[in-house]
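Participant: for reference, the sequence and a predicted model appear below.
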Amino acid sequence: MNFYQLNFFAIFFAGLASFLLGIVWYSPWLFKRIWMESCGLTELDLQQINPFKVFGSSLILCCLILI
């Protein structure tokens, strides 16, 4: 595979769309409570994380999975 043939803007926007869908999916409006119970997490656990690291790495991985 030649990387010069990739459309990096399309990859970024598709990764961003996947990332935004994940934000909505795991939001309090949909499945946050169910997801937290199944993973054994509490609200205190979520308050102790660094959101920039979590969301930043998630966005990068969403883009990398599309390459």
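Facilitator: In hand now; what should we look at?

Participant: helix or strand right after the strand or helix carrying Phe13?
Facilitator: Element membership for Phe13, per DSSP states H and E: helix 8-25. Sequence-wise, the next helix or strand downstream of helix 8-25 (DSSP H and E) is helix 32-39.

Participant: ok, and what's touching the helix or strand that comes right after that following helix?
Facilitator: The helix or strand immediately downstream of helix 32-39 is helix 43-47, counting by DSSP H and E. Identification of contacts with helix 43-47 by Cβ atoms under 8 Å, 6 or more residues apart in numbering yields Met36. For the C-beta atoms, the positions are set from N, CA and C on the backbone; glycine is no exception.

Participant: send the alpha carbons of helix 43-47 over as CSV?
Facilitator: C-alpha atoms of helix 43-47 as CSV (Å, rounded to 0.1, in the frame of the first residue of the first chain):
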residue,chain,number,x,y,z
GLU,A,43,-18.6,7.9,38.9
LEU,A,44,-15.5,8.3,41.1
ASP,A,45,-13.4,6.2,38.7
LEU,A,46,-14.5,8.5,35.8
GLN,A,47,-13.5,11.6,37.8
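
Participant: what packs against the helix or strand immediately after that helix in the chain?
Facilitator: The first helix or strand that comes after helix 43-47 along the chain, using DSSP H and E, is helix 51-64. Where contact means 3 or more Cβ pairs under 8 Å, 6 or more residues apart in numbering; DSSP states H and E, helix 51-64 is packed against helix 8-25.

Participant: which elements pack onto the helix it packs on?
Facilitator: Secondary-structure packing of helix 8-25 (3+ Cβ pairs under 8 Å, 6+ apart): helix 51-64.

Participant: quick revisit: flag every buried residue along the helix holding Phe13.
Facilitator: Under the neighbour-count criterion of 16 or more other Cβ atoms under 10 Å, helix 8-25 has 11, 15, 18-19 buried.

Participant: so which of the residues you listed comes closest to Gln48?
Facilitator: Among the buried residues of helix 8-25, Phe19 lies closest to Gln48 (Cβ to Cβ), at 22.1 Å.
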